[in-house]
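Novice: give the three-dimensional model of this entry:
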Amino acid sequence: MKHRTVRGRILYTSNKPERRGQERGRERFTMTRHTDGKLTIRAQCEIEEPDPTVLRDIVYSLDENDRPMDCHVRLTIGDRFMGSGWFRMTDEFVECESYGPSIGRLSQRVPANGRYDGFGTHPIIGDAYLTRCMDGARGPHKRPLRVFLPSTDHRGATPPIIAEANLFLEYVGEEKAESRAGVFACRHFRFTDEHAGMAGKDGAHPPYDLWVTADEDSVFVKGGVGGYMQTWYELVELER
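Specialist: You can find the predicted model right below:
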């Protein structure tokens with residue numbers, strides 16, 4: 001086969017005092033880079049805590065310029081089917097075909113209304129790859145981030161429909177980062193939701209720090225979310 005494959009596993013743990021270090025979920029991912037430059041990310045995410053449990057399957061593709069092309073989302077919440085959706089993105093619009101018991105059959109087409117930075121898929125590996133929209137040559141800086149996504153719920157645990165979020169993304173700088181998968185040259189980023197663009201407890205998404213490999217793959221190495229969420233994520237297996 002001519003494509004190149006990266007595979008890995010991310011462990012989800014808790015930073016809450018009563019559960020510190022305890023496993024609360026996991027993510028298995030595959031990244032397939034084709035010879036024409038296009039990329040497909042596949043991820044299966046399992047969140048066991050807090051209830052209800054979340055099982056998410058994602059297949060997400062980007063073009064040779066890292067612009068989103070299409071994404072399939074399938075959600076099982078509390079071990080019950082919540083919804084399935086297919087999204088297609090262009091510079092002019094985002095469209096969706098989805099179905100779920102609570103929304104029925106849904107067709108959407110939403111104008112892009114200008115430049116947007118990407119598509120938020122909710123898997124941790126997708127968060128890491130989204131940071132590629134930042135210009136590392138500028139050095140540490142912070143700027144607004146505009147994304148479309150299938151859910152503004154912090155865990156993505158709602159039926160897939162077109163939504164928009166406006167956040168901030170900060171490039172903190174280059175750092176070495178260590179996880180159970182090894183030591184990596186990384187870029188440190190921080191997502192913040194200063195205008196409460198993501199729905200959830202207290203309105204805003206808590207600050208989210210992540211360390212991403214400083215190479216063409218942009219693989220998540222480690223990171224965590226503060227505030228009420230108190231979650232931690234770590235790359236524990238990597239095959240390239």
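
Novice: hey, let's count contacts and neighbours off CA atoms from now on
Specialist: Will do.

Novice: give me the below-cutoff pLDDT ranges for this protein.
Specialist: 195-203 (pLDDT under 70).

Novice: top strand in it by residue count?
Specialist: Secondary structure of the chain read by DSSP state E shows that its longest strand is strand 163-179.

Novice: given it, what are its sheet partners and their directions?
Specialist: strand 141-149 (antiparallel), strand 182-192 (antiparallel) (DSSP bridges).

Novice: could I get those strands as JSON lines with distance to Arg80 and mean neighbour count?
Specialist: JSON lines is the format used below for the strands paired with strand 163-179 (distance: least, C-alpha to C-alpha, whole Å; neighbours: other C-alpha atoms under 10 Å):
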{"stretch": "strand 141-149", "distance to Arg80": "22", "mean neighbour count": "17"}
{"stretch": "strand 182-192", "distance to Arg80": "31", "mean neighbour count": "20"}
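
Novice: Arg20 is nearest to which of those?
Specialist: Checking the strands paired with strand 163-179 against Arg20 by C-alpha to C-alpha gives strand 182-192 as the closest, at 21.9 Å.

Novice: identify each buried residue in the longest strand of the chain, please.
Specialist: 163-172, 174, 177-178 (16 or more other C-alpha atoms under 10 Å).

Novice: tabulate those residues (a markdown table), appending distance to Met229.
Specialist: Compiled in a markdown table, these are given as follows (distance: C-alpha to C-alpha, whole Å):
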| residue | distance to Met229 |
| --- | --- |
| Ala163 | 22 |
| Glu164 | 21 |
| Ala165 | 19 |
| Asn166 | 20 |
| Leu167 | 17 |
| Phe168 | 18 |
| Leu169 | 19 |
| Glu170 | 20 |
| Tyr171 | 22 |
| Val172 | 22 |
| Glu174 | 26 |
| Ala177 | 22 |
| Glu178 | 23 |
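
Novice: could you identify the most distant pair in these?
Specialist: Ala163 and Glu178 (34.4 Å).

Novice: nearest to Pro150, out of the buried residues of strand 163-179: which one, please.
Specialist: Ala163 (5.9 Å).

Novice: re earlier: now tabulate the strands paired with strand 163-179 in JSON lines and tack on distance to Ile41.
Specialist: Formatted as JSON lines, the strands paired with strand 163-179 follow (distance: least, C-alpha to C-alpha, whole Å):
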{"stretch": "strand 141-149", "distance to Ile41": "15"}
{"stretch": "strand 182-192", "distance to Ile41": "20"}
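
Novice: closest to Ala128 out of those?
Specialist: Closest among the strands paired with strand 163-179, once you apply C-alpha to C-alpha, is strand 182-192, at 8.9 Å.

Novice: quick one: that closest one to chain centroid distance?
Specialist: Offset of strand 182-192 from its chain centre (C-alpha atoms, centre = their mean, to the nearest Å): 15 Å.

Novice: the residue nearest to Lys142 when sequence neighbours are not counted pairs with what?
Specialist: Nearest residue to Lys142, sequence neighbours excluded (C-alpha to C-alpha, 6 or more residues apart in numbering): Glu170, at 4.0 Å. Glu170 has the following beta-bridge partners by DSSP bridges: Lys142, Arg190.

Novice: how about Glu170, what does it touch?
Specialist: Taking C-alpha atoms under 8 Å, 6 or more residues apart in numbering as the criterion, Glu170 is in contact with 140-143, 189-191.

Novice: from Ser218, how far off is it?
Specialist: According to C-alpha to C-alpha, to the nearest Å, Glu170 and Ser218 sit 16 Å apart.

Novice: do the same with Ile77
Specialist: The value you get for Ile77 to Ser218, if C-alpha to C-alpha is used, is 29 Å.

Novice: go on, Glu239?
Specialist: 14 Å.

Novice: for Glu23, same thing?
Specialist: 24 Å.

Novice: I'd say Val236 and Val219 touch.
Specialist: No: with contacts counted by C-alpha atoms under 8 Å, Val236 stays clear of Val219, the gap being 11.8 Å.
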